[in-house]
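Enquirer: the sequence isn't on hand, but the structure is:
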């Protein structure tokens, strides 16, 4: 009998849960081609400022999409790409700018440090530098330095959520008051199963790392509106990751809303970042309900 490594799963079963290609199979290449084409169109139509340095690292660069014409103090939506912390690029997801700009936001897509050359700690630290840079420079691209939305998909969702958990523990951090909302899709917020899976070959998480880097079980979180979505066709582990994350941050004061998206997998979830989607419509309602009050920490 195979050894159980997580919950009731052996190694093969756990690894399969985090092998997202199983959800799309032979359709991946067509999906990837469409993703890149849509992102190229976003850059062609919206004419962003590309590869702005926010730090000294080779990957510490970001792209800036200005808010809709006529807006002078727009929210700044910072979107972190996925790729299991080991791959991915901001340019592959320029397409999200269309949807987030439809909410009246300026959009910033940073790259960040990747495994195995760097650690997940480094990735989160890099993301925090990007957020701090945006707060310091927001006025230069017609955005409001005190109205930042953090966003992300897959491992980018983890990075965005980790910023919110990390900020909650630093009441002196000026960025704390600036972050007003979080929107995340198909994320991983508890890293112990990642440590026990094949993904740890690149992530190189220790038991302490997995604990420290899990926003689902962090001691504090920002008291902000949080929109968490996962596809109903994703693996049970991804669905539980999102459910447990919402359950973990609500007692800490986050105004968290959960959306299980019908007929959606880990890849087709990117459709939810388009204008008029269920995700963005629900996020607008969440903001309308709770407003953009000053963020503060609890826990």
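Expert: Great, that's in hand. Model, not experiment: these values are computed from the prediction.

Enquirer: just the buried residues of stretch 271-278, please?
Expert: By neighbour count on 16 or more other Cβ atoms under 10 Å, the buried set for stretch 271-278 is 272, 273, 274, 277. No exception for glycine: its C-beta is placed from N, CA and C like everyone else's.

Enquirer: quick one, phi psi at the last one?
Expert: Read it as residue 277. Main-chain dihedrals, residue 277, degrees, to the nearest 10: phi -70, psi 160.

Enquirer: I figured it hits residue 271, correct?
Expert: Yes. Counting by Cβ atoms under 8 Å, residue 277 touches residue 271, with 6.6 Å between them.

Enquirer: thinking again about what came up before, same list (the buried residues of stretch 271-278) but as TSV, adding secondary structure and pLDDT.
Expert: Shown next, in TSV, are these (DSSP: H, G, I helix; E, B strand; the rest coil; pLDDT from 0 to 100):
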residue	secondary structure	pLDDT
272	helix	98
273	helix	98
274	coil	97
277	coil	98
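
Enquirer: can you give me the helices in the chain?
Expert: 11-17, 28-46, 96-101, 120-137, 155-168, 175-178, 192-195, 200-203, 207-212, 236-249, 278-290 (DSSP state H).

Enquirer: so what does the longest strand anywhere in the chain touch, helix or strand wise?
Expert: Identified as the longest strand of the chain according to DSSP state E is strand 143-153. Applying 3 or more Cβ pairs under 8 Å, 6 or more residues apart in numbering; DSSP states H and E, one finds that strand 143-153 makes contact with strand 74-80, helix 96-101, helix 120-137, helix 155-168, helix 175-178, strand 179-185.

Enquirer: and the third one, what's buried?
Expert: Put plainly, it is helix 120-137. So, applying 16+ other Cβ under 10 Å, buried residues of helix 120-137: 120, 122-135, 137.

Enquirer: residue ranges with poor pLDDT in the stretch 51-200 of the chain?
Expert: 170-172 (pLDDT under 70).

Enquirer: tell me how many other residues crowd the residue nearest to residue 201 when sequence neighbours are not counted.
Expert: Distance criterion Cβ to Cβ, 6 or more residues apart in numbering; nearest residue to residue 201, sequence neighbours excluded, is residue 116 at 7.9 Å. By other Cβ atoms under 10 Å, the residues close to residue 116 number 11.

Enquirer: give me every residue that touches residue 116.
Expert: The contact partners of residue 116, taken as Cβ atoms under 8 Å, 6 or more residues apart in numbering, are 86, 201, 202, 203, 204.

Enquirer: which of those residues count as buried?
Expert: With burial judged by 16+ other Cβ under 10 Å, the buried subset of the contacts of residue 116 is 86, 202, 203.

Enquirer: I'd guessed the last one sits against residue 118; true?
Expert: The reference is to residue 203. No. Residue 203 sits out of contact with residue 118 when judged by Cβ under 8 Å, with a separation of 10.5 Å.

Enquirer: circling back: now render the helices and strands packed on strand 143-153 as TSV, adding distance to residue 11.
Expert: Below are those laid out as TSV (distance: least, Cβ to Cβ, whole Å):
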stretch	distance to residue 11
strand 74-80	29
helix 96-101	34
helix 120-137	21
helix 155-168	21
helix 175-178	40
strand 179-185	27
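
Enquirer: closest one to residue 61 among the ones you listed?
Expert: helix 120-137 (9.3 Å; Cβ to Cβ).

Enquirer: quick one: the closest one to strand 74-80, angle?
Expert: Relative orientation of helix 120-137 versus strand 74-80 (axes from the mean of the first three to the mean of the last three Cα atoms, to 10 degrees): 160 degrees.

Enquirer: helix 120-137 packs against which elements?
Expert: Secondary elements touching helix 120-137 (3+ Cβ pairs under 8 Å, 6+ apart): strand 61-65, strand 74-80, strand 106-110, strand 143-153, helix 155-168, helix 175-178, helix 207-212.
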